[in-house]
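>>> how would this look folded up:
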Amino acid sequence: ARLSWTACVDMGPRMLKYITLIILCAINLLNYMDRFTVAGILTLLEQPTNCTNCACHNTHHYKTVNNQASLGLPTDGCVSQSHSSNTSTSGKCWCCCGLGIDDEQGGLLTTIFIVSYTLLSPVFGYCGDRYSRKRLIALGIFIWSGFTLAGSFFKVYWAFLLMRSFVGVGEASYGTIAPTIIADLFPVGERMRMLSIFYLTTPFGSALGYIVGAGIASLFQCWQWAFRVTPIFGIILAILCLCVVQEPPRGHSDANSESGLTASAQTLKGASGIRPFISDVISIMKCKSFVWTTMGFACMSFVVGALTQWAPTFIIWASKVAYGVDHGYSVREASLGFGAVTVATGVSGVVVGGEVAKRWGRSNPQADALVCAIGLLGCAPFMFFALLYAHKFPPVFWALSIVAEFLLCLEWAPVAAILLYVIVPQRRSTAEAIQILFIHLLGDAFSPLVIGKISDTLRGTSHPPDVEKATLLQAENEFFALQYAAFITPFAAVLGGACFLISSFSLDNDRQAALQLVKIQERGRSSDTPSINTDDEDAVLENRDEFSKWSNESDRLLSGASCT
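Numbers count the residues shown, from 1 in each chain. Sure, this is the predicted structure:
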């Protein structure tokens, strides 16, 4: 006989919920791996496409090209092994794999992914509060894997761009829903640590995107193969999500925490229809701490999106300016180095941020917001000086980047926890979708494109130089264009830190108000009330700024809810 979810969670070693957490973490890791593959091989995508007759795996053609070159005959733009460092001993040619794009078009590859992800998030947020969450996640992963694989077969920029636009479906599905499943799996006391584990896979996945993407492209001597790894694992995880993951009832952990709720709260579910959805959105946007943390998160997203997209390319050109064009970092070395930094700082930052927020929160209810503010404000000067001195002392760039990324990663777990305790359970997927919409529309949806556009404008040429053939003057021109464009990121970090500071003033009141609303709904359930009573909710919201009065008014509100 099939065990019920409640039995699996409440009895025995409770392995099922940890297996579910592992699968969700693997999905998050794979998503970020796919997302940052583009950044890891961006200089390859910018290679010119003037090798019209070359086939990447055609050894006979390659030998013909070598013979033509030795005789001084035309090679249709293809270069011989003796003249190019982009060829391997197996006789495969790099140059036919480029898309011939500029910095702006390279930034657009990330922007189009984020835009589609952002626009689809409200759809999955609405469905995530009302329908089977694991099926929605699996559907998104199937679509994402299919379009990622399809994109790897195109060598025309616009077609590849179109395929990347549909990849956002995957993150839109699990990004809005997975944190709510984790919140329902684990009680409040364990939630921060489990969210930290989930977000640990973000830097791991990002680093693997740089390292594996560049490594696979180097192994097969063609960038398309970098996008043929993640779809295989994506299909496997989608099947595991359908067959293994058993999602908990909404509000399950809240029902078993110190909130004092009973088990009947486990059936919390958003009402269907447009009007209830609009009502949910209005109620969510009335939460001051949610609004301000979302604005701060958007600034953080702007910084992360810009730096993760352009950092490997930036340090390649910086090293060529510092060491000479023949002794700078290769694409693989830059991607490997930045991937290692991302893993080290991401893991330590997420763990430290989550633990500090949890321990500090025992004595300070504003701790989560303050940790986020400290992280963003602290990373700004390190980021600024890393950009400033990269071309003079590359090791200084790496050292300052480590500190800046560590501070930047402190926010991941606390900012996720804030949403989960200031929003009632049946609105959390919708709130996740709203937050995703704003943080990406105002953040990393456009920051890579903005950096690329500014860089192209400052450089003054239509395309960046070939990374393997650039002169020192071209390398300096490209570096300084990227450097000046990237200088906007420290200022965005300062703005985000200020937003988190502002959110700290209303954080505790909003948390207590959300808890009170859930208690009211639980009492209303005794008379079959399907959702929160609007009058009671308005009363809570009007009084949350003076929440100390709630201890005297609690009984009146609860009794009023039970009579509606």
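>>> give the contact list for the residue nearest to Leu419 when sequence neighbours are not counted.
With Cβ to Cβ, 6 or more residues apart in numbering as the criterion, Leu419 has its nearest non-adjacent residue at 5.7 Å, and that residue is Ala431. Bear in mind the C-beta positions are built from the backbone N, C-alpha and C, glycine included. Each residue near Ala431 by Cβ atoms under 8 Å, 6 or more residues apart in numbering is listed here: 125, 284, 290, 419, 423.
>>> separation between Ala431 and Thr293?
11 Å (Cβ to Cβ, to the nearest Å).
>>> Gly205 now?
Taken as Cβ to Cβ, the span from Gly205 to Thr293 is 23 Å.
>>> who has more neighbours out of these two?
A count of neighbours by other Cβ atoms under 10 Å puts Thr293 above the other of Gly205 and Thr293, at 31 against 26.
>>> and what about that one, helix, strand or coil?
Of the three states, Thr293 takes helix under DSSP: H, G, I helix; E, B strand; the rest coil.
>>> who touches it in this structure?
Thr293 is in contact with 369, 372, 415, 418-419, 499-500, 503, counting by Cβ under 8 Å, 6+ apart.
>>> and the furthest pair within the residues you listed?
Spanning the widest gap among the contacts of Thr293 are Leu419 and Cys499, at 14.5 Å by Cβ to Cβ.
>>> ok, how many other residues are close to Asn342?
Actually, residue 342 is Thr. It isn't Asn. When counting by other Cβ under 10 Å, one arrives at 28 neighbours for Thr342.
>>> how about low-confidence regions in the stretch 51-200 of the chain?
Along the stretch 51-200 of the chain, the model assigns pLDDT under 70 to residues 51-97.
>>> for it, what spans make up the helices?
Per DSSP state H, counting those that start in this stretch, the stretch 51-200 of the chain has helices spanning 59-70, 103-128, 133-151, 157-185, 188-220. These are given in chain order.
>>> so which of those helices is nearest Cys25?
helix 188-220 (4.7 Å).
>>> so what does that closest one touch, helix or strand wise?
If contacts are counted by 3 or more Cβ pairs under 8 Å, 6 or more residues apart in numbering; DSSP states H and E, helix 188-220 sits against helix 15-35, helix 37-40, helix 157-185, helix 252-255, helix 331-360, helix 412-422.
>>> single out the most deeply packed of these.
Ranked by mean neighbour count, the helices and strands packed on helix 188-220 are led by helix 37-40 with a mean of 28 (mean count of other Cβ atoms under 10 Å).
>>> any idea how far whichever helix or strand comes after that one is from the middle of the chain?
Sequence order places helix 42-45 as the next helix or strand after helix 37-40, per DSSP states H and E. Mean C-alpha position of helix 42-45 versus that of the full chain (Cα atoms, centre = their mean, to the nearest Å) differs by 21 Å.
>>> quick one: average confidence on helix 42-45?
If you average the pLDDT over helix 42-45, you get 80.
>>> quick one: contacts of that helix?
Helix 42-45 has contacts (Cβ under 8 Å, 6+ apart) with 38, 94, 97-99, 101, 106, 109, 217, 223, 309-310, 312-313, 316, 331, 467.
>>> swap in stretch 223-239?
Under Cβ under 8 Å, 6+ apart, the answer for stretch 223-239 is 23, 26-27, 30, 33-34, 37, 40-41, 44-45, 97-98, 137-138, 141-142, 144-146, 148-149, 151-153, 155, 170, 212-214, 216-217, 219.
>>> contact partners for Gly346?
By Cβ under 8 Å, 6+ apart, the contact set of Gly346 is 200, 202-204, 206-207, 405, 409.
>>> need those in CSV (columns: neighbour count and distance to Leu237).
CSV is the format used below for the contacts of Gly346 (neighbours: other Cβ atoms under 10 Å; distance: Cβ to Cβ, whole Å):
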residue, neighbour count, distance to Leu237
Leu200, 24, 17
Thr202, 22, 16
Pro203, 26, 19
Phe204, 20, 15
Ser206, 25, 18
Ala207, 27, 19
Glu405, 26, 27
Cys409, 27, 24
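>>> dump those residues into TSV; add distance to Cys299 as well.
As requested, the contacts of Gly346 are exported to TSV (distance: Cβ to Cβ, whole Å):
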residue	distance to Cys299
Leu200	22
Thr202	17
Pro203	19
Phe204	24
Ser206	19
Ala207	23
Glu405	16
Cys409	15
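>>> what's the closest of these to Met300?
Using Cβ to Cβ, the contacts of Gly346 come closest to Met300 at Cys409, 9.8 Å.
>>> for the closest one, give me its contacts.
The contact partners of Cys409, by Cβ under 8 Å, 6+ apart, come to 203, 345-346, 348-350, 353, 375.
>>> Met192 reaches Gly354, doesn't it?
Yes: using Cβ atoms under 8 Å, Met192 is in contact with Gly354, at 5.3 Å.
>>> next, show the common contact partners of the two.
Shared contacts of Met192 and Gly354, defined by Cβ under 8 Å, 6+ apart, are found at 413-414.
>>> which other residues reach stretch 375-386?
Against stretch 375-386 from outside (Cβ under 8 Å, 6+ apart): 296, 299-300, 303, 307, 349, 353, 396-397, 400-401, 403-405, 407-411, 487, 489-491, 493-494, 496-498, 500.
>>> same thing but at 6 Å, please
The set of residues external to stretch 375-386 that reach it, using Cβ atoms under 6 Å, 6 or more residues apart in numbering, is 397, 400-401, 403-404, 407-408, 410-411, 490, 493-494, 496-497.
>>> next one: stretch 440-447
Residues from elsewhere that reach stretch 440-447 (Cβ under 6 Å, 6+ apart): 111, 114-115, 118, 298, 301-302, 305-306.
>>> can the residues you listed go into JSON lines with extra columns for neighbour count?
Shown next, in JSON lines, are the contacts of stretch 440-447 (neighbours: other Cβ atoms under 10 Å):
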{"residue": "Thr111", "neighbour count": "25"}
{"residue": "Ile114", "neighbour count": "26"}
{"residue": "Val115", "neighbour count": "18"}
{"residue": "Thr118", "neighbour count": "24"}
{"residue": "Ala298", "neighbour count": "23"}
{"residue": "Ser301", "neighbour count": "23"}
{"residue": "Phe302", "neighbour count": "27"}
{"residue": "Gly305", "neighbour count": "28"}
{"residue": "Ala306", "neighbour count": "26"}
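>>> what's the closest of those residues to Ile520?
Nearest to Ile520 among the contacts of stretch 440-447: Ala298, at 31.4 Å, using Cβ to Cβ.
>>> and which of the contacts of Thr293 is nearest Val245?
Using Cβ to Cβ, the contacts of Thr293 come closest to Val245 at Leu419, 21.6 Å.
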